[in-house]
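Participant: how would this look folded up:
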Amino acid sequence: MDWKNRLYFGDNLDILRREVPDACVDLIYLDPPFNSNATYNVLFKEKSGEESAAQITAFEDTWQWSMEAEAVYKEIVTSGAHKLADLMQALLAFLGRNDMMAYLVMMAVRLVELHRVLKPTGSIYLHCDPTASHYLKLVLDAIFGHGRFLNEVAWKRSSAHSDTKQGMKRCGRIHDVLFIYSKSENYTWHPIYTPYTKEYLESEYRHVSQDGRRYKETDLTAAKPGGDVKYKWRVKRLMAKGRRWEADLTDEYVRPRKGLEYKAVSPYGGRFWAYSKQNLVEFARNGHLIHRSTGMPRLVQYADEMPGIPVQDLWSDISPAMGAEDLGYPTQKPNALLERIVNLSSNEGDLVVDPFCGCGTAIAAAEGLKRQWIGIDITYLAINLVQRRLRDSFAEQLSPYEIIGAPTDLKSAEALKEISPHQFEWWAVDLVNARPAKDHKKGADTGIDGYINFFDDKSGQAKQVIVQVKSGYIHVNHVRDLKGVLDREKAAIGALITLREPTKPMLTEAAATGFYESKDFPGRYPRLQILTIGELLAGKKLEYPTHRVETFAKAGRKTKTEQEEMF
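Facilitator: Take a look at the predicted model:
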C-alpha cells in the first residue's frame, strides 16, 4: 500500500545492485542503446583500452572499449557463473577488444542483475536489432539457460527501405528483434489474438452462410484423448448383427455397449469424440452442426465468433510511433508495442522494470495498464521527458512516483557537476522547465543551453526565453555575452542559471537590460534574470508570461484501462 513508482537517474548497474532486491520483478523490458548505424569496420576495430569510460547519452548511443570495460570483463570471468565466463572468453578470442565486445561485456553484467531481480514467474524482453542480436542471444542463453528461451519476435518497424538508386547492395532492413526469456517454466502468459486477415478468412473460412457469415467445418473427433478425459469417449467400430457398438474410456477391454451414439452415429477407427454428448446436443440447438451424407456431424465455426489468430512471432501489425504519439526521441517505440508486451506477460499490480527507459514508452504502458513500475536512465534528459510524458498522459490519474538520484540540494548538485557537466546542464535547464537546446559533441556552442517558447499576444508568433547554465566561475562578462545572444536571437527574455552566487556587477548589468512587457498579457518581466541553483531548489521561479506552448512534444491524454479480456 505504501509503494511509490520510481524513476532512477543514474547507471542502471549500480541502481540494480543497490536498490532492487532479489526476485521482486514480474516483467523486464529493455531496449539498450547501440550504435547500429556504425559500420562493422568501426565496431570491430581494435582499441588500446586507454580511452575514457563508456558513456551513453540520449542521442549518441555508443559503447566503447575502455579500462572500465576491461575491468568488467575480468569481473565476469573471475566471479561470474561458469557458462557465462566461458562464453565471454570465447567471444573475446573471436571478436577482440573493440566496441562490439564492450557492448556485450556491459550488457552481460547488467543481464546477470536483471536475472537476479526477476521473479520465478517473470519474463524478460530484450529489444535489439540484427547488428548484435546473434551475440546477445548467446549471452541470454548463458545467463537464463537455453531452455528458458521462448521466442525471437521480429517487429516490422518500417514498410520499406528503397535505397537501390543510392547504391544499396543488400536487402532493406526493416525489422527489430525481441528476445523473450522466462525465469522458470512457470511464467505468466496471457494469450493475445490478432484479427484475421482477408486472405486468411478467404482460405480458412471459405464457406458463407445464407446470412453472409463466413464459417469453416471442423472435425468433432480426435485421434487421442486430451484435456479433461471424462469428456472423451473411446470408440471402436465393431460389427455385431450389423450394428455399431461403443466402449467407455474407463473400460480396460473393449466390450460392446449401446447408447453412446450421437444420432445413431459413432466415430470409428479407434478415434474419440472430442466433445461430450451434451455439448454435441448444444451445438445442434445453436445451429453449429451440419451432417455429412454418412450422418457424421461436423462442427460449424463462424469467423465472427472466433477470437482471432494467436499472436505469432512476426509482429507486422504495429506501426512506429507517429503523429501526436511521436515525442521526437530518436529511439522511441510505439505505445501499442509495449502495451502488447505488458498484456502478454504481466497482471494488474505486477512490477514492470525498464532499465534503459529513454522516453518512457514502457513506463507509460505500465502506468496505463495499472502495473507498478521502475524506470532507470543515465541521462537526465530522459528522466525529464518521462515525467512530462506521464503528467501529460495521465494528469490527475497518475499514480504517485518519486525521482531518485536527481540533485535535491547544493551538495548533490555540485557532485553531479563533477561527475558530468553535461548532465548537470540538462538538469539545471529542467529546473526552469526549459527544453535543452543542443546535443553535446554535435555542432558549435551557440550560447544557448535551453529555451522556452511562449505566446502572449494574438499574433500567433511564439516568443522565446533563452537559458544559459554556468556551473563554474562566473563574471560580469557572462551577463554581457547573454545580452548579445538575446539581441542576436531576438529573444524576449534571457535566464542565466549559476551554481555560484552572482557578483554585484553582474546583478547591476542584468538590471540595466530593462524589462520585457507584453501587449496583451499583464505584467512586466526582467529581460535578463540571474537565478542560482540554490534559489531554484528553494522554489524561486523564472519570470515570464506563463500562457505558453509546451517546450516538449506533448503526449496525448490517456485513461487507465482495465486489462483486456484474454481468450
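
Participant: count of neighbours near His288?
Facilitator: 18 (other CB atoms under 10 Å). From N, CA and C alone the C-beta is placed, and that goes for glycine too.

Participant: what's the closest non-adjacent residue to Pro502?
Facilitator: Spatial nearest neighbour of Pro502, excluding adjacent residues (CB to CB, 6 or more residues apart in numbering): Ile530 at 4.8 Å.

Participant: doesn't Ile474 make contact with Pro505?
Facilitator: No: counting by CB atoms under 8 Å, Pro505 does not reach Ile474; the two are 10.7 Å apart.

Participant: would you mind telling me which of these two has more residues around it?
Facilitator: Ile474 (19 against 12).

Participant: which residues sit against stretch 71-87?
Facilitator: By CB atoms under 8 Å, 6 or more residues apart in numbering, the residues outside stretch 71-87 that reach it are 88-89, 92, 101, 105-106, 108-109, 112, 138-139, 142-143.

Participant: kindly report the same for stretch 14-22.
Facilitator: 8, 110, 113-114, 116-117, 353, 355, 374, 376, 404-405.

Participant: helix, strand, or coil at the residue minimising distance to the centre of the chain?
Facilitator: Nearest residue to the geometric centre of the chain (CA atoms, centre = their mean): Ala362, 3.8 Å. Put simply, Ala362 is helix when judged by DSSP: H, G, I helix; E, B strand; the rest coil.

Participant: got it, and the one 5 residues further on?
Facilitator: When the structure is split into helix, strand and coil by three-state DSSP, Glu367 lands in helix.

Participant: ok, how many other residues are close to it?
Facilitator: 25.

Participant: same check on Asp86?
Facilitator: Quick note: Asp86 (other CB under 10 Å) scores 13 neighbours.

Participant: doesn't it belong to a helix?
Facilitator: Yes: under three-state DSSP, Asp86 sits within a helix.

Participant: let me know the closest of the contacts of stretch 71-87 to Pro130.
Facilitator: Of all the contacts of stretch 71-87, Pro130 sits closest to Leu138, with 14.3 Å by CB to CB.

Participant: for the closest one, what are its contacts?
Facilitator: Per CB under 8 Å, 6+ apart, neighbours of Leu138: 87, 91.

Participant: ok so, going back, does the residue nearest to Pro502 belong to a helix, a strand or coil?
Facilitator: strand.

Participant: test my guess that it contacts Lys504.
Facilitator: No: applying CB under 8 Å, one finds Ile530 not in contact with Lys504, separated by 11.4 Å.

Participant: more crowded one of the two?
Facilitator: Legend: neighbour count by other CB under 10 Å for Ile530 and Lys504, higher for Ile530 (24 against 8).

Participant: any idea of the pLDDT on that one?
Facilitator: Here, the pLDDT recorded for Ile530 equals 96.

Participant: what's the answer for Lys442, then?
Facilitator: The confidence metric pLDDT takes the value 46 at Lys442.

Participant: repeat for Arg173
Facilitator: pLDDT, Arg173: 82.

Participant: so it sits in a strand?
Facilitator: No: applying three-state DSSP, one finds Arg173 to be coil, outside a strand.

Participant: one step back: neighbour-wise, which one of the contacts of stretch 71-87 leads?
Facilitator: The contacts of stretch 71-87, ranked by neighbours (other CB under 10 Å): first place Val105, 28 neighbours.

Participant: name the SS class of that residue, please.
Facilitator: Going by three-state DSSP: Val105 is helix.

Participant: separation between the closest residue to it other than its chain neighbours and Tyr103?
Facilitator: Distances taken as CB to CB, 6+ apart put Tyr73 closest to Val105, at 4.8 Å, once the chain neighbours are dropped. Between Tyr73 and Tyr103 the distance is 12 Å, computed by CB to CB, to the nearest Å.

Participant: same question, Arg292
Facilitator: 61 Å.

Participant: which of the two has more neighbours?
Facilitator: It is Tyr103, of Arg292 and Tyr103, that has more neighbours when counted by other CB under 10 Å, with 26 against 10.

Participant: where does the stretch 151-300 of the chain dip in pLDDT?
Facilitator: Counting by pLDDT under 70, the stretch 151-300 of the chain shows low-confidence ranges at 161-166, 223-272.

Participant: ranges for the helices of it?
Facilitator: 198-204, 277-285 (DSSP state H, counting those that start in this stretch).

Participant: would TSV of those with distance to Ala413 be doable?
Facilitator: TSV is the format used below for those (distance: least, CB to CB, whole Å):
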stretch	distance to Ala413
helix 198-204	59
helix 277-285	70
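
Participant: out of these, nearest to Ala510?
Facilitator: Ala510 lies closest, by CB to CB, to one member of the helices of the stretch 151-300 of the chain: helix 198-204, at 67.2 Å.

Participant: alpha carbons only: can I get the closest one in PDB?
Facilitator: Extracted C-alpha coordinates of helix 198-204, given in PDB (Å, rounded to 0.1, in the frame of the first residue of the first chain):
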ATOM      1  CA  LYS A 198      -8.700 -11.000 -45.500                       C
ATOM      2  CA  GLU A 199      -6.500 -13.700 -47.200                       C
ATOM      3  CA  TYR A 200      -6.800 -16.000 -44.100                       C
ATOM      4  CA  LEU A 201     -10.600 -15.600 -44.000                       C
ATOM      5  CA  GLU A 202     -10.900 -16.500 -47.600                       C
ATOM      6  CA  SER A 203      -8.700 -19.600 -47.300                       C
ATOM      7  CA  GLU A 204      -9.800 -20.900 -44.000                       C
END
